[in-house]
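how would this look folded up:
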Amino acid sequence: MLQHTPKFRTKIADSPSEFIAAQKLRYRVFVHELGGGGDMVDHDLGLERDRFDPYFDHILLFDDARKNNPIIGVYRVMTCEKAFELGEFYSDEEYDLSVLRRSGKKLLELGRSCLEYDYRGGTALAYLWQAVANYALERKVEILFGVASFHGTDVSELAEPLSLLHHQYLADEKLRPVAKKPFNQKMNILEPDVIDRKSAVLKMPALIKSYIKLGGKVGLDAYVDHKFNTTDVCLIMDASLVDPKRKSFFAKGDLD
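Below is the predicted model of the structure:
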């Protein structure tokens, strides 16, 4: 629990020290806390990184009232222009994104969102989302998408939230990525009439709930990522629904 009143500020990482700080935060969350891994993870230096990092911008969240290590959140984002330069999106590893590429819309891929533990459940994520919204609006992005994760790979524990996402938030077929075999997992595990909505929502990570509250939809099937110890869903959102001026909308609590 925070013992001070935070003073939030966001910016895009523009120095080697800020870039490394983002990778260190990712390491603390994704590797140390959640048990993830990866070919380029540096355990000696405590860096969670991958080959996509140079193509992504890293939006940083600072708490300037924090005496030590003020970077407390990160969200990495990549425009479709950068992805085309690279030849792929990060999410291509898990999902068939053909429908998004054929849409002709300007795309922005989101990923690697994380917060220091003490800042979860408060307004910090809303500040990150507002920064992402501004980034998207400045670049005239039309569709935001990315992979978001449930912790763990035991799908039986995730049956309720996955089923709720499938039955109520499935994306239109024209913008619906599909999880790739052999690690795809059907999400319609439970029939709609047996889902306890309140329980399902409580089991959703804050990031996934934020996407849904802002009008996000999900692709077909989840992807079980044993390397990172997660079960992933692909979220797609119309950028016109993300208005950074609607602060009360960003700050809402759980799904109704």
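
list the buried ones in stretch 127-142?
Buried residues in stretch 127-142, counted by 16 or more other C-beta atoms under 10 Å: 127-133, 135-136, 141. The C-beta positions use only the backbone N, C-alpha and C, and glycine is treated the same way.

Need these in a markdown table (columns: secondary structure).
What follows is those, written out as a markdown table (DSSP: H, G, I helix; E, B strand; the rest coil):
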| residue | secondary structure |
| --- | --- |
| Y127 | helix |
| L128 | helix |
| W129 | helix |
| Q130 | helix |
| A131 | helix |
| V132 | helix |
| A133 | helix |
| Y135 | helix |
| A136 | helix |
| V141 | coil |
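
out of these, who's nearest G219?
Comparing the buried residues of stretch 127-142 against G219 with C-beta to C-beta places V141 closest, at 18.2 Å.

and Y117, how many residues sit next to it?
Residues near Y117, counting by other C-beta atoms under 10 Å, number 11.

same thing with M40?
Using other C-beta under 10 Å, M40 has 13 neighbouring residues.

which residues touch it?
49-51 (C-beta atoms under 8 Å, 6 or more residues apart in numbering).

what does Q168 give?
Q168 touches P192, counting by C-beta under 8 Å, 6+ apart.

same check, this time on the one 5 residues further on
With contacts taken as C-beta under 8 Å, 6+ apart, E173 has the following neighbours: V99.

if I look at it, how far off is S156?
Distance, E173 to S156, by C-beta to C-beta, to the nearest Å: 28 Å.

try D238
Distance of D238 to S156, computed by C-beta to C-beta: 33 Å.

Those two: who's more crowded?
D238 (15 against 6).

Now the more buried one: closest residue in space, sequence neighbours ignored.
Computed as C-beta to C-beta, 6 or more residues apart in numbering, the closest residue to D238 that is not its neighbour in sequence is G215, at 6.2 Å.
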